[in-house]
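# Fold the following.
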Amino acid sequence: MSTSHLRRFLVVLSLLTIMAVPSQAALAYSACSASALKMGSNWLVPLWKGDCAQFASSLRPSSEKLGDGSRGERFEVPLVDATCLKATINSTSLTPDVYVYDDENFTHEVGTWQRRGNQASSVVQLRSADAVPVLYVLATSYGPGAQFGDYTLDLRTC
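Predicted coordinates:
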């Protein structure tokens, strides 16, 4: 079995697991929420067409240290019957940043990105939804070096 087939199998298996198992409580949810499951260092957040998820979390010294010294949290987002994702991050205690990638190594950034004050967003429009596309979201702070504080991340199909 190839790596991509194994990865797809694991995503489908994870989706089935999420539907059968209650969500973990490590991230706080608001009224707009989808199930999430911690898979290695990533949060797995499947979204259906018209779906959304909001997370309240913190970047701390114990958060994953990125190459530029900043901290971040990673989200793996399978889009089920959807072709668009909007990721928005807000914070009053740090300058937030959010990036969306189309590869599991978080190296190929996609989407239209913008930042205004204490908010940053990225929108990705895919061409089709023949398979279940998976996008990878990195929630972090702007610029090199560690900034710590609370943030909210909104993931929604559009």
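
# and residue 76, how many neighbours?
When neighbours are defined as other C-beta atoms under 10 Å, residue 76 has 22 of them. Heads up, the C-betas are built off the backbone N, CA and C, glycines and all.

# quick one: the helices in this protein?
With DSSP state H, the ranges of helices along the chain come out as 3-20.

# Count residues in the vicinity of the nearest residue to residue 46 once chain neighbours are set aside, would you?
Among residues not flanking residue 46 along the chain, residue 78 sits closest, at 4.6 Å (C-beta to C-beta, 6 or more residues apart in numbering). Close neighbours of residue 78, defined as other C-beta under 10 Å, add up to 20.

# Residue 78 against residue 134, yeah?
Yes - under the contact definition of C-beta atoms under 8 Å, residue 78 touches residue 134, with a separation of 4.9 Å.

# just for this protein, where's the confidence low?
Low-confidence segments of the chain, defined by pLDDT under 70: 1-31, 33-34, 129-130.

# Burial check on the closest residue to residue 119 other than its chain neighbours, number of neighbours?
Using C-beta to C-beta, 6+ apart and skipping residues adjacent in sequence, the residue nearest residue 119 is residue 90, 4.9 Å away. Applying the criterion other C-beta under 10 Å, we find 18 residues in the vicinity of residue 90.

# now do residue 144
11.

# And for residue 107, nearest residue in space, chain neighbours not counted?
Taking C-beta to C-beta, 6+ apart as the measure, residue 107 lies nearest to residue 101, with 6.8 Å between them; neighbours along the chain are not counted.

# wait, the one you found sits on residue 136?
Yes - between residue 101 and residue 136 there is a contact under C-beta under 8 Å: 4.4 Å.

# quick one: the spatially closest residue to residue 121 that is not a sequence neighbour from residue 50, how far?
Of all residues not flanking residue 121 in the chain, residue 88 sits nearest, at 4.2 Å (C-beta to C-beta, 6+ apart). Residue 88 sits 17 Å away from residue 50, taking C-beta to C-beta, to the nearest Å as the criterion.

# what does residue 94 give?
Counting by C-beta to C-beta, the separation of residue 94 from residue 50 is 31 Å.

# out of residue 88 and residue 50, which sits in the busier spot?
Higher neighbour count among residue 88 and residue 50: residue 88, with 18 against 10, using other C-beta under 10 Å.
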